[in-house]
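Participant: this is a predicted model, with the sequence first.
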Amino acid sequence: MDPLKKKFHQKATALGTEIRNLLKEKGDTKVDEVVIKQLYGGARGIKMMIWEPSQLDPIEGIRFRGFTIPELKEKLPKTKNGKEPRPEGLFWLMLVGEVPTEEEVDWLTSQWIRRSNVPEHTFKALDALPTDTHPMTQFSTAIISMQTESVFSRRYGEGMSKDEYWDATYEDTMNLIARLPRVAAYIYRRTYHNGMHIAPNTHLDWAGNFAHMLGIEGEDFKSLMRLYLTVHADHEGGNASAHATHLVGSTLSDPYYSLAGGMNALAGPLHGLANQEVIKWIFKMVDALGTRKPTKEQVADYVQSTLNAGQVIPGYGHAVLRRPDPRFVAQKEFAEGYIKNDDIVNIVWMLFDIVPDILKGLGKVKNPWPNVDAHSGALLVHYGLTEYSFYTVLFGVSRALGVLAAQCWSRALGFPLERPKSVTTGWVKEYLADK
Ligand code: CMX
């Protein structure tokens with residue numbers, strides 16, 4: 001058994017015993033109450049699932065196994081001379097709850113290289129789609145086309161025991177994550193670069209190799225990819241892509257089906273697609289104003305006109321956070337450290353100055369601050385990745401790390417089919433009348 005799998009199995013066995021005892025002694029203890037506005041309001045805030053890799057605090061932001069993003073940047077192993085954390089390290093941390101050593105991360109990189117072979121029919125399935133198919137549709141198609149390789153599905157069909165679900169899920173998770181950069185880069189190159197594909201460089205780390213296959217050279221872009229693929233990896237379990245992956249997986253659909261489901265949720269403009277919407281909106285503003293160096297007044301007027309048109313300001317607001325998103329802050333710090341005087345980055349910073357007060361003025365927006373999607377596009381444009389329809393795929397490659405680590409836990413802990421209760425408005429009225 002490989003060292004990560006062995007460590008995961010030990011941890012999962014120990015936690016499984018602890019949970020069984022906890023349920024026996026405290027299973028009926030109340031943790032939450034639900035009010036009617038939550039029934040109509042997207043189930044905001046209702047505590048209804050367990051998600052081990054990370055937890056979100058409205059004020060402090062995300063903690064991965066207890067570590068904030070600044071702590072991850074300090075503690076996770078980096079490449080030689082690199083300053084940004086390697087996403088492999090975060091996956092290790094999310095899966096087993098321990099900060100890995102450099103050797104452990106090197107081992108994981110080599111595992112993912114070994115497992116990265118994409119089946120030929122996946123490339124054929126992608127090639128069958130028109131090149132103007134949205135990259136997220138292509139990404140979802142590619143993931144589901146690889147389901148033919150699922151170890152979980154094969155072993156389930158052969159009569160695998162429940163005790164082995166975690167093992168098959170681990171294998172699928174490792175294979176799937178290993179293949180995603182190749183698949184995503186293939187989509188990028190066929191869509192925007194006439195199918196001039198770039199062979200993987202097996203001497204590079206997972207994120208560095210992804211940057212290389214996209215065709216954007218330079219150490220700084222590789223550094224950006226390491227940071228990007230780290231900070232987007234997980235945001236506890238209730239967000240739409242995580243929850244969709246979890247829900248699909250709870251039926252014992254394998255990790256390929258589950259991740260495709262999660263990616264379909266990520267493709268919505270209120271969720272992951274917001275990263276393309278932000279830069280699209282900024283480009284539209286620059287066009288409308290006729291300048292890449294607008295004044296504060298011009299930007300404020302443009303923000304107002306977007307709201308007057310009944311649209312949201314993309315990249316602002318959040319269902320849980322009530323402060324500037326630490327993932328936005330991490331990307332801003334990256335820009336401050338690596339980039340000098342970029343017009344689009346300057347606009348992003350100007351928006352950070354202007355938008356919160358305007359949103360506060362509406363009196364209904366619960367969080368007027370920027371989220372993860374407000375900054376990423378400006379960084380990508382700076383390094384030449386200007387094709388914004390592709391941005392959500394980058395988010396998806398990263399998000400796979402968290403949602404699949406969580407799926408390993410769900411299968412190891414034997415979580416059941418998810419099935420919350422729905423009611424009708426008639427039921428709500430009757431309930432209120434009875435009260
Ligand atoms: N611009 C304008 N109005 C906004 C707004 C924004 N950025 N954010 C929230 N609002 C509005 C809502 O549309 C809602 O209006 P109505 O009552 O008229 O429907 C009102 O403020 C209250 O919403 P909320 O409780 O503050 O926010 P929700 O939890 O319902 O929604 C989110 C959260 C992210 C969907 C919302 O803030 C939004 O649409 N933001 C813009 C899109 C975006 O950036 N999404 C990415 C989020 C991060 C991610 O998942 O990747």
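Facilitator: Good, I have the coordinates. Predicted model, so just to flag it, every value in this text is computed and none were measured.
Participant: so what's the residue nearest to Asp342 when sequence neighbours are not counted up against?
Facilitator: Leaving aside its chain neighbours, Asp342 sits nearest to His382 (5.1 Å; criterion: Cβ to Cβ, 6 or more residues apart in numbering). For every residue, glycine as well, the C-beta is placed using N, CA and C. Neighbouring residues of His382 by Cβ atoms under 8 Å, 6 or more residues apart in numbering: Ala335, Ile339, Asp342, Ile344, Val345.
Participant: where do the helices sit along the stretch 101-250 of the chain?
Facilitator: Applying DSSP state H, counting those that start in this stretch to the stretch 101-250 of the chain gives helices spanning 102-114, 120-127, 135-145, 151-157, 165-192, 206-214, 219-231, 240-249.
Participant: tell me which of these lies nearest to Thr17.
Facilitator: helix 165-192 (14.4 Å; Cβ to Cβ).
Participant: pLDDT of the closest one, averaged?
Facilitator: Across helix 165-192, pLDDT averages out at 98.
Participant: the residue nearest to Thr79 when sequence neighbours are not counted: neighbouring residues, count only.
Facilitator: Excluding its sequence neighbours, the residue lying closest to Thr79 (Cβ to Cβ, 6+ apart) is Asp205, at 5.8 Å. Residues lying near Asp205 (other Cβ atoms under 10 Å) number 27.
Participant: the closest residue to Val151 other than its chain neighbours - how many residues pack around it?
Facilitator: Once flanking residues are discounted, Val151 sits nearest to Glu171: 4.2 Å by Cβ to Cβ, 6+ apart. Each residue near Glu171 was counted by other Cβ under 10 Å, and the total is 20.
Participant: Glu171 contacts Glu149, doesn't it?
Facilitator: No. Using Cβ atoms under 8 Å, Glu171 makes no contact with Glu149, being 9.9 Å away.
Participant: contacting residues for the residue of the stretch 101-250 of the chain found nearest the ligand?
Facilitator: Using Cβ to the nearest ligand atom, Asn239 is the residue of the stretch 101-250 of the chain that sits closest to the ligand, at 6.0 Å. Asn239 makes contacts with His271, Ala319, as judged by Cβ under 8 Å, 6+ apart.
Participant: just the pLDDT for it.
Facilitator: The model's pLDDT for Asn239 equals 98.
Participant: what are the phi and psi angles of it?
Facilitator: As for Asn239, its main-chain torsions (degrees, to the nearest 10) stand at phi -70, psi 160.
Participant: where in the stretch 301-435 of the chain is pLDDT low?
Facilitator: For the stretch 301-435 of the chain, no stretch has pLDDT under 70.
Participant: in it, what residue comes closest to the ligand?
Facilitator: Nearest to the ligand, among the residues of the stretch 301-435 of the chain, is Gly317, at 2.1 Å (Cβ to the nearest ligand atom).
Participant: give me the nearest residue to that residue, chain neighbours excluded.
Facilitator: Closest residue to Gly317 apart from its sequence neighbours, by Cβ to Cβ, 6+ apart: Asn367 at 5.2 Å.
Participant: ok, now which ones touch the residue of the stretch 301-435 of the chain closest to the ligand?
Facilitator: By Cβ under 8 Å, 6+ apart, the contact list for Gly317 reads Leu359, Val365, Lys366, Asn367, Pro368, Trp369, Asn371.
Participant: if we go to 7 Å?
Facilitator: Listed by Cβ atoms under 7 Å, 6 or more residues apart in numbering, the contact set of Gly317 reads Val365, Asn367, Asn371.
Participant: Gln331 now?
Facilitator: His375, Ser376, Leu379.
Participant: got those residues as CSV, with neighbour count and distance to Gln55 columns?
Facilitator: Converted to CSV, these look like this (neighbours: other Cβ atoms under 10 Å; distance: Cβ to Cβ, whole Å):
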residue, neighbour count, distance to Gln55
His375, 28, 23
Ser376, 28, 23
Leu379, 25, 26
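Participant: relative to Asp127, which of these is nearest.
Facilitator: The nearest member of the contacts of Gln331 to Asp127, counting by Cβ to Cβ, is Ser376 at 28.4 Å.
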